[in-house]
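Novice: mind looking at a prediction? Sequence and model below.
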Amino acid sequence: MANASAKRIANQNESAVKTLRLGMLVPTIISILFRLLFRRDSLPPSKGSLAIYIATFFPAFFLSNYLIKIGTTRRDPTTGTLISYGEDLNQAGVTEWCFDILYVTWACQIGSGAFGEWFWWLYMVIPLYAVFKLWVSVISPMVLGRSSAQAPEETATSEKEATSKRQEKLRKRSERGDTRVKAQPARK
């Protein structure tokens, strides 16, 4: 079973790496095509738009190379058997945020080619989200004394989910007074 999981992760990583390699080239080409088709007056691009493009291209380039490096699978060259499937690129956390930054960068590149330089304002989503996460997880608990744990509504739903279907059926039967259910003393 573990081997099947490794193969699944390897296949997902290989497709993600292909997407990353294409993603560094295709949005630039699409942006240039949109500029040619819809916004000929913006050719050649201004110094400001080139500066924005370069300033956002380098972080995307480094993140893309980082994800390619950690997600590339290694196979035996002679037999093709899987040696290492790399890190799981579908995991939550930093890897997910790296992909989000790349997607926003690619969208801004294409959008600026089609609609204009004002589309780069969408890039502000990244620092705004970073400030939000910093506030929720670090600043608010320290300054306001709030817990960074789950909200009360979330805890109530997690307690309901903690009981299995069988336990729920047994509880309902005992509430109805069913004789098949014996009351067990509470464990301490």
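Specialist: Structure received. Since the model is a prediction, treat every value here as computed from it, not as a measurement.
Novice: need the contact list for Asp88.
Specialist: By C-beta atoms under 8 Å, 6 or more residues apart in numbering, Asp88 lies in contact with Ile9, Gln12, Asn13, Thr95. (Each C-beta comes from the backbone N, C-alpha and C, glycine too.)
Novice: ok, for the third one, nearest residue in space, not its chain neighbours?
Specialist: Read that as Asn13. Gly71 (4.3 Å; C-beta to C-beta, 6 or more residues apart in numbering).
Novice: the one you found and Trp121, how far apart?
Specialist: Computed as C-beta to C-beta, to the nearest Å, the Gly71 to Trp121 distance reads 31 Å.
Novice: looking at these two, which one has more neighbours?
Specialist: Gly71 (22 against 11; other C-beta atoms under 10 Å).
Novice: can you read off the pLDDT for that one?
Specialist: For Gly71, the model assigns a pLDDT of 88.
Novice: give the contact list for it.
Specialist: By C-beta under 8 Å, 6+ apart, the neighbours of Gly71 are Asn13, Ala16, Val17, Leu20, Gly86, Glu87, Leu89.
Novice: now the element after the helix or strand bottoming out on mean pLDDT in the chain, going C-ward?
Specialist: Every helix and strand in the chain was compared by mean pLDDT, DSSP states H and E; the lowest is helix 152-162, with a mean of 57. The helix or strand immediately downstream of helix 152-162 is helix 165-176, counting by DSSP states H and E.
Novice: check which residues of that following helix are buried.
Specialist: Leu170 (16 or more other C-beta atoms under 10 Å).
Novice: show me what the mean pLDDT comes to for that helix.
Specialist: pLDDT averaged over helix 165-176 gives 84.
Novice: same check on stretch 50-65?
Specialist: In the prediction, stretch 50-65 has an average pLDDT of 90.
Novice: how about the helices of this structure, start to end?
Specialist: 2-23, 26-38, 47-71, 94-114, 125-134, 140-143, 152-162, 165-176 (DSSP state H).
Novice: okay, and for the protein, where does confidence drop off?
Specialist: The chain contains residues with pLDDT under 70 at 1-2, 42, 146-161, 182-188.
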